[in-house]
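J.: generate a structure from the sequence data that follows.
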Amino acid sequence: MLYLPEDEIHELGLLYIHYLLRAQGQRTVYLGQSVPRGDLMQVASLYAGPIRFISLLVVRPAPDEALPYLNALRASMSDDRITFLAAGMPLHGIEASDAPRGFMLHTNLASVIEHIAGAR
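T.: You can find the predicted model right below:
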């Protein structure tokens, strides 16, 4: 599941990740830009198997709001079958050990692309 958080409209990088995943034959759902957390919860409730939400953060949430945003996501979707891959500038100050369980954090798009390429 690929999405951008509310008020985030910079989707070119996310579209590229979507393309890479599809080119590998992976099943994806592109939710798009400015997706409210409630919509993520609703989508997650529709699937029984493992789900990975992938998001790029450019301007939203702000760096000082990034960790609370991640914690709120995990609290609203605490099911262990749901994992998250997030990348972007707002995450630069967050240590991997401080991230909520089930989160893989990347600092930039290039790191995400390397991760996806290694998952072939």
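J.: I'd like the distance between the nearest residue to Leu109 once chain neighbours are set aside and Tyr30.
T.: Closest residue to Leu109 apart from its sequence neighbours, by C-beta to C-beta, 6 or more residues apart in numbering: Gly13 at 4.7 Å. C-betas here are computed from N, CA, C, even on glycine. Noted for Gly13: a distance of 13 Å to Tyr30, by C-beta to C-beta, to the nearest Å.
J.: right, and the residue nearest to Leu109 touches Ala110 too?
T.: No - contact status for Gly13 versus Ala110: not in contact, 9.9 Å apart, counting by C-beta atoms under 8 Å.
J.: list the contacts of stretch 45-54.
T.: Here stretch 45-54 makes contact (C-beta atoms under 8 Å, 6 or more residues apart in numbering) with 1-3, 14, 17, 40, 44, 73, 81-86, 112.
J.: OK, contacts around Arg27?
T.: Applying C-beta under 8 Å, 6+ apart to Arg27 gives no contacts.
J.: for it, report the pLDDT, please.
T.: pLDDT, Arg27: 94.
J.: much appreciated, bye for now.
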